[in-house]
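Novice: The following block contains a protein sequence and its predicted model.
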Amino acid sequence: MALIESLILISVLLFLFYKWSTSTYNVLNERGVPHEKPFPLIGNIKWGTLRQKTSFLENVIKRYQTYKNCKVYGTYNFREPIIFIKDLELIKKVGIKDFDHFANHKTVFTEIKDNVFSKSLIALQNQRWKEMRNTLTPSFTGSKMRLMFELINDCSIQGVKYLEKQTKATDNNELDLEMKEYFTKFTNDIIASAAFGIKVDSFEDPDNEFYKIGQSFTKFRGLMIMKAFFISLFPKLARFLRMELMSSKMTNYFKTLVFGAMKYRAENNIIRPDMIQLLTEAKKHFEEMKNEQTGEHAEFNDDDLLAQCILFFLAGFETVSTCLCFTAHELLENQDVQDLLYQEVLEIEKELDGKPLNYDTIMKMKYMDMVLSESLRKWPPAIMVDRVCENDYKLTDEEGNLIVEIKKKDMIAFPIAALHRDPEYFPEPDKFQPERFSDENKSNIKHLSYLPFGIGPRSCIANRLALMETKAIIYHMLLRFKIVRGPKTTKDMMKSMKGFFMQPVELFWMKFIPRES
């Protein structure tokens, strides 16, 4: 009898779990949004992606192509319905014209109210986000980047000297190297210097504490994704369990580092053109202005400042290194492009006449800009970006025809990677063609078909910094080395990527051959 009761209880629990896991799967039908039939609990996420057999990036592109004749389409990310907007005019309407209806992201950070991430720019919402964004924006102007460039250039030279040293130690004076680890060390040293004001050399001393903290983040990012999924599926339970995406050890390390540096600089009257200095100035400005504010507004206390520092660390650590990996890979795959960029580097080096590379010089390198623009088109750091609807909203086309009714708290998204691979906007999208972004051709690119840094007021605030870092290391690298295919270089980048990560299973192996002086 006990066995029968147990079986009945298990059956009831399984039935209740099934009903809960599919309880949101009527939303897209109610909105009239075309979509594939979802699977219980995982929705439209492919089993192959969860099992690291297929690429999330490739699945996003294929789904976009499936609904080529639709202006919107939908998916279920586990239990979360998402309305994808692919028509450019509708993207403009939602992302720019009616931004106030879609001002916020849907992030797991917002589900952890007392976590340091809840105070970061990416998690803040509405008026709090707007005020923090306005406070931080002056820290990323061209004039501030110009002051910071010397720090970035020094790290770039340091990174290339390591390549030279390693190459000389080989038998044939050619170096095979895995570049994800290399560029991660490079971005780590830049963040340490240009953001936190400490000097490290992760190439010669990979055991330095700053790099080890960053490594602990990247090594356990799979665990962090699992935590993020759990928080997304069970936000109330996650809050009850006080689940953290980032360990208290990491948080305390940055707290000691940031506030220790601020205290030392204040006591010794030290001013250094790095992120801590810029955020300190932003905090002072915010405090001067806050007396004029009423109602619910952003704060900018020590925890808020710390949150922005950690956010810039995590964002810069991964996205810039990944962008550099794909750019270097495209240069080895397209030797004609690499040769043209090398010629531009030589021209700039001759123009400098022994003087160090500077911000104004590198920012005027047109072909360099074309190469990076094409790299960001083909391999954008954000596959998609999301927004959350603040109030019920009727999305209509230019003629006033209703496309879809979006309800409050509905999540919408822009399929950036798929837009970048749409042959209507970018003919032969799988080819690497920097000429798409030449002065003669870039005017032909349809507005909002190219969104490497997002869209509208909520676009990436640090895009200038990211581009500056990328251009500096590519410049010094090409000046000294030719990048070619090595024995371990992946043969098909798209097919070699598995799961949710933007990297091939073989990683980013390539060969460096010193150029003649």
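Specialist: Thanks, I have the structure now.

Novice: Strands of this structure, residue ranges please.
Specialist: Defined through DSSP state E, the strands belonging to the chain, from first to last, are 72-77, 80-85, 175-178, 385-388, 393-396, 402-406, 411-414, 481-484, 509-514.

Novice: Which one of the ones you listed lies nearest to F203?
Specialist: Between F203 and these, the tightest spacing by C-beta to C-beta is seen for strand 175-178, at 11.2 Å. The way it works is simple: take the backbone N, C-alpha and C, and place the C-beta from them, glycine included.

Novice: which of the residues in that closest one are buried?
Specialist: 175, 177 (16 or more other C-beta atoms under 10 Å).

Novice: can you check stretch 444-461 too?
Specialist: Across stretch 444-461, burial judged by 16+ other C-beta under 10 Å covers 448-456, 458, 460-461.

Novice: could the residues you listed be laid out in CSV, adding distance to M477 and pLDDT?
Specialist: Formatted as CSV, the entries for those read as follows, by distance: C-beta to C-beta, whole Å; pLDDT from 0 to 100:
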residue, distance to M477, pLDDT
L448, 33, 96
S449, 30, 97
Y450, 26, 98
L451, 27, 97
P452, 21, 96
F453, 23, 94
G454, 28, 94
I455, 31, 94
G456, 34, 92
R458, 33, 92
C460, 24, 90
I461, 27, 89
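
Novice: and which of these is nearest to I416?
Specialist: Closest to I416, out of all of the buried residues of stretch 444-461 and judged by C-beta to C-beta, is L451, at 4.9 Å.

Novice: hang on, isn't M370 packed against F432?
Specialist: No. If you go by C-beta atoms under 8 Å, M370 and F432 don't touch, sitting 10.9 Å apart.

Novice: more crowded one of the two?
Specialist: Here M370 and F432 are set side by side on neighbour count (other C-beta atoms under 10 Å), and the busier one is M370, at 23 against 20.

Novice: quick one: that one from D205, how far?
Specialist: According to C-beta to C-beta, to the nearest Å, M370 stands 36 Å off from D205.

Novice: And for M363?
Specialist: If you measure M363 against D205 using C-beta to C-beta, the figure is 31 Å.

Novice: Please apply the same query to D176.
Specialist: With C-beta to C-beta as the criterion, D176 and D205 are 23 Å apart.

Novice: L121 now?
Specialist: If you measure L121 against D205 using C-beta to C-beta, the figure is 31 Å.

Novice: of these two, who's got more company?
Specialist: In this comparison of L121 against D205, neighbours counted by other C-beta under 10 Å, the higher total goes to L121 at 22 against 12.

Novice: Among the buried residues of stretch 444-461, find me the one that's closest to K495.
Specialist: Checking the buried residues of stretch 444-461 against K495 with C-beta to C-beta, the nearest one is P452 at 22.8 Å.

Novice: count of residues packed around the residue lying closest to that closest one once chain neighbours are set aside?
Specialist: In space, and not counting its chain neighbours, P452 is closest to L376: 3.8 Å by C-beta to C-beta, 6 or more residues apart in numbering. Burial of L376 is recorded as 25 neighbouring residues (other C-beta under 10 Å).

Novice: Then D369?
Specialist: The number of residues packed near D369 is 18, by other C-beta under 10 Å.

Novice: So it is in contact with D439, correct?
Specialist: No. Proximity of D369 to D439 does not meet the contact threshold set by C-beta under 8 Å, at 10.3 Å.

Novice: Looks like the residue nearest to P452 contacts V320 (just checking).
Specialist: No. L376 is not in contact with V320 according to C-beta under 8 Å; the separation is 11.5 Å.

Novice: For stretch 158-171, could you pull out the residues that count as buried?
Specialist: Of the residues in stretch 158-171, those scored as buried under the neighbour-count criterion (16+ other C-beta under 10 Å) are 158-160, 162-163, 167.

Novice: Switch the residues you listed over to TSV; also include pLDDT.
Specialist: Formatted as TSV, these follow (pLDDT from 0 to 100):
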residue	pLDDT
Q158	94
G159	95
V160	96
Y162	95
L163	96
T167	95
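
Novice: Need those in a markdown table (columns: distance to E333).
Specialist: Output for these, formatted as a markdown table (distance: C-beta to C-beta, whole Å):
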| residue | distance to E333 |
| --- | --- |
| Q158 | 27 |
| G159 | 22 |
| V160 | 21 |
| Y162 | 24 |
| L163 | 20 |
| T167 | 21 |
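
Novice: Out of these, flag the one nearest to M411.
Specialist: Among those, G159 lies closest to M411 (C-beta to C-beta), at 39.6 Å.

Novice: Make sure S449 is actually in contact with E89.
Specialist: No. Counting by C-beta under 8 Å, S449 sits too far from E89 to count as a contact (11.4 Å).

Novice: Quick one: low-confidence residue ranges for the stretch 1-150 of the chain.
Specialist: For the stretch 1-150 of the chain, the stretches flagged by pLDDT under 70 are 1, 107-115.

Novice: The closest residue to S216 other than its chain neighbours and K212: what is the separation?
Specialist: In space, S216 comes closest to M250 once its chain neighbours are excluded; the distance is 6.7 Å by C-beta to C-beta, 6+ apart. M250 is 10 Å from K212, where distance means C-beta to C-beta.

Novice: quick revisit: quick check, nearest of the buried residues of stretch 444-461 to F481?
Specialist: Of all those, the one sitting nearest F481 is P452; the distance, using C-beta to C-beta, is 26.1 Å.

Novice: taking the mean pLDDT, what do you get for stretch 425-445?
Specialist: Mean pLDDT, computed over stretch 425-445, is 96.

Novice: do stretch 301-309 as well
Specialist: The average of the pLDDT scores along stretch 301-309 is 81.

Novice: Buried residues, it. List them.
Specialist: Residues of stretch 301-309 classed as buried by neighbour count (16+ other C-beta under 10 Å): 304-309.
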